[in-house]
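# Below are the sequence and a predicted model for it; my questions follow.
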Amino acid sequence: MRREPERLSLPGLPVIEIYDLLPSTNAEARRRIATVQAADGWIVARAQSAGRGRRGRTWISEEGNLFASRILEPRMPAFRTPELSFVASLATFDAVSAHLPPASATVTCKWPNDILINRRKAAGLLLESEGASGWVVIGIGVNVTSAPTDVEFPATSLQEHGSRAVALDILKSLASTFEHWYAIWREAGFAPIRDAWRQRAAGLGEAIRVRLETREFTGTFTDIDETGALLVRLSEGTIERVAAGDVFFV
């Protein structure tokens, strides 16, 4: 097994480094930032031994799926960093959609950072900001050939819906679609990103269950606000704003 990464250069896009095995691509990205070795680009692993999802959850890392992290230095105020989750969601949505047979399935974005195929999770994102360094790491996992079964929210893979793509195909598309949406965000701000995400949102206008660290509640998913927070209308008519939490369909 090679220890040095394979380097993939695509015209006009940041360099991609592909490892056979890493504990996690986000962990490798953060190590580079901590040791002042970071550079704008992608870190990819064919397999992970310690993949992580949101809130410290384990990310099942079956070989054949895509495990990638984008390292970038957006040079924007820190309060805008969460907007990049929506940039990455749109990029992943486009990359996944491009490798499914026409009309084979419905792809949607699930708040805060999942991509669904027919209401089952096909991809997830983990954004980590490295504070004063100014660097941001966005981890993206896509179920290309397989999906976990022992999970709370139902999962699926692209292959299950007729896709013949391999992880490298998705990676090449993702590298391109990310730069597209990232450029829009940098040039025009969050408003067009928000609008595009809402057009692809799963469950908008429907009943959802929201789980926070200390409580759960149900309501109607009405929108996301100008910061990307979830807005839920409760039964009494009041609006609950959620900055972080888990969402389930009712």
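Ah, there it is. Numbering: from 1, shown residues only.
# Count the neighbours of the residue nearest to residue 107 when sequence neighbours are not counted for me.
Spatial nearest neighbour of residue 107, chain neighbours left out: residue 97 (4.9 Å); criterion: CB to CB, 6 or more residues apart in numbering. (Each C-beta comes from the backbone N, C-alpha and C, glycine too.) The number of residues packed near residue 97 is 16, by other CB atoms under 10 Å.
# Now do the phi/psi pair for the spatially most central residue of the chain.
Nearest to the mean C-alpha position of the chain, counting by CA atoms, centre = their mean, stands residue 125 at 2.7 Å. With angles defined as degrees, to the nearest 10, residue 125 sits at phi -130, psi 150.
# In the chain, what residue spans correspond to helices?
25-34, 83-97, 167-188, 190-199 (DSSP state H).
# for the ones you listed, which one ends up most surrounded?
The highest average neighbour count among the helices of the chain, using mean count of other CB atoms under 10 Å, belongs to helix 83-97 at a mean of 24.
# ok so, going back, thinking the residue nearest to the centre of the chain is in contact with residue 88, fair?
Yes. With the criterion set as CB atoms under 8 Å, residue 125 and residue 88 qualify as a contacting pair; they are 5.1 Å apart.
# Now do the shared contacts for these two.
Overlap between the neighbourhoods of residue 125 and residue 88 consists of 113, 138, 140, taking contacts as CB atoms under 8 Å, 6 or more residues apart in numbering.
# OK, contacts around the last one?
When the contact criterion is CB under 8 Å, 6+ apart, the partners of residue 140 are 66, 68, 69, 70, 88, 92, 123, 124, 125, 174.
# Which pLDDT value goes with the closest residue to the second one other than its chain neighbours?
The shortest distance from residue 68 to any residue that is not its chain neighbour, by CB to CB, 6+ apart, is 4.6 Å, and that residue is residue 44. Model confidence at residue 44, expressed as pLDDT, equals 97.
# cool, residue 60 as well?
The predicted local confidence for residue 60 is 56.
# about what we covered before: can you tell me which of the shared contacts of residue 125 and residue 88 lies closest to residue 219?
Proximity of these to residue 219 was ranked by CB to CB; the top entry is residue 113 with 20.2 Å.
# quick one, what contacts the closest one?
Residues counted as contacts of residue 113 (CB under 8 Å, 6+ apart) are 54, 85, 88, 89, 124, 125, 126, 127.
# could the residues you listed be laid out in JSON lines, adding distance to residue 152 and pLDDT?
Conversion of the contacts of residue 113 to JSON lines gives the following (distance: CB to CB, whole Å; pLDDT from 0 to 100):
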{"residue": "54", "distance to residue 152": "12", "pLDDT": "50"}
{"residue": "85", "distance to residue 152": "20", "pLDDT": "97"}
{"residue": "88", "distance to residue 152": "22", "pLDDT": "98"}
{"residue": "89", "distance to residue 152": "20", "pLDDT": "98"}
{"residue": "124", "distance to residue 152": "13", "pLDDT": "96"}
{"residue": "125", "distance to residue 152": "17", "pLDDT": "96"}
{"residue": "126", "distance to residue 152": "17", "pLDDT": "95"}
{"residue": "127", "distance to residue 152": "21", "pLDDT": "96"}
